[in-house]
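K.L.:
Take a look and give me a structure for this.
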Amino acid sequence: MKRLVIKLKIWSGKVLRLVLRQFFHFDQWHIFTLAERKYAQDIIRFCNNKLARQSFVEIGCGLGDIIRNVRYENKVGYDIDQQALKAASFLDRFSTKGRTAFSLFEFPESYLPGKHDVIVMVNWIHHIPPPILGSKIQEYLSQSLNEKGILIIDTVQDKEYKFNHDIKFLAGNDAGVVYTKLGDYERMRQIWILQKEST
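P.N.:
The predicted model follows:
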């Protein structure tokens, strides 16, 4: 019965996204639903259990499946795809977990304003060369997080992806960054939680 409910949820979610795609013309990747991505569900669950829940930012938010489902006072979703952001804003109107602001963002050029409790960057960083990604991660860890703030990223070890990142390199090796694994997922994906060591 539970499996049937999940299948119906996925099917109805895909139908909705196919309809939305006719209006907003976003990339077909966004047809995948939250119910099909366990790693995204685990990120939501983990973040909603954090004590500090003031400011949440997601870079590469797509249709906003993660950010729309976290309960934080201030939420901003960034993405390079203007059409995906328009669809995300439309879906956000029906959210019961607080409003989300959405804004255009080009990584690594765009500046990330403010300080946050959580920054999420998942399911797209495998397109970014390791030196550029590692440098921006270090920048965000040192300049864009509140005290005890965390940055959540994913790595994949699947040769079909352009870059298979090494978490030790991205964390800066000896840069005083603590990283812990949230979980292992399909296509050898691992979700990591990064945090600057307390001084």
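K.L.:
switch to C-alpha atoms for all contacts and neighbour counts from now on
P.N.:
Will do.
K.L.:
And the next helix or strand past the longest helix anywhere in the chain?
P.N.:
Ranked by residue count, the top helix of the chain under DSSP state H comes out as helix 2-24. On the C-terminal side of helix 2-24, the nearest following helix or strand under DSSP states H and E is helix 38-48.
K.L.:
Can you name the next helix or strand after that following helix?
P.N.:
That would be, after helix 38-48 and using DSSP H and E, strand 55-59.
K.L.:
Counting by contacts, list what that next one packs against.
P.N.:
Counting by 3 or more CA pairs under 8 Å, 6 or more residues apart in numbering; DSSP states H and E, the packing neighbours recorded for strand 55-59 are strand 74-79, strand 116-121.
K.L.:
that older thread, mind listing what's buried in the longest helix of the chain?
P.N.:
Of all the residues in helix 2-24, those buried under the rule 16 or more other CA atoms under 10 Å are 10, 13, 14, 17, 18, 20, 21, 24.
K.L.:
re the thing from before, looking at the helices and strands packed on strand 55-59, which is nearest to residue 91?
P.N.:
strand 74-79 (12.7 Å; CA to CA).
K.L.:
Least confident of the buried residues of helix 2-24?
P.N.:
Across the buried residues of helix 2-24, the smallest pLDDT goes to residue 10, namely 71.
K.L.:
what's the longest strand in the chain?
P.N.:
The longest strand of the chain (DSSP state E) is strand 145-156.
K.L.:
next one: that strand to chain centre, how far?
P.N.:
Put simply, strand 145-156 sits 10 Å off its chain's centre (CA atoms, centre = their mean, to the nearest Å).
K.L.:
Quick one: residues in contact with that strand.
P.N.:
115-123, 125-126, 141, 164-167, 187-196, 198 (CA atoms under 8 Å, 6 or more residues apart in numbering).
K.L.:
Can you list the helices and strands that the helix or strand of the chain at the bottom of the mean pLDDT ranking packs against?
P.N.:
Every helix and strand of the chain was ranked by mean pLDDT, DSSP states H and E. The lowest is helix 2-24, at a mean of 81. Contact here means 3+ CA pairs under 8 Å, 6+ apart; on that basis helix 2-24 packs against helix 82-92.
K.L.:
Going by neighbour count, which residues in the following helix or strand past the helix it packs on are buried?
P.N.:
Sequence-wise, the next helix or strand downstream of helix 82-92 (DSSP H and E) is strand 101-104. For strand 101-104, burial by neighbour count (16+ other CA under 10 Å) applies to 101, 102, 103, 104.
K.L.:
Distance from strand 101-104 to the middle of the chain?
P.N.:
The answer for strand 101-104 is 14 Å, by CA atoms, centre = their mean.
K.L.:
Relative to residue 47, which of the buried residues of strand 101-104 is nearest.
P.N.:
Nearest to residue 47, judged by CA to CA, of those is residue 101 at 18.0 Å.
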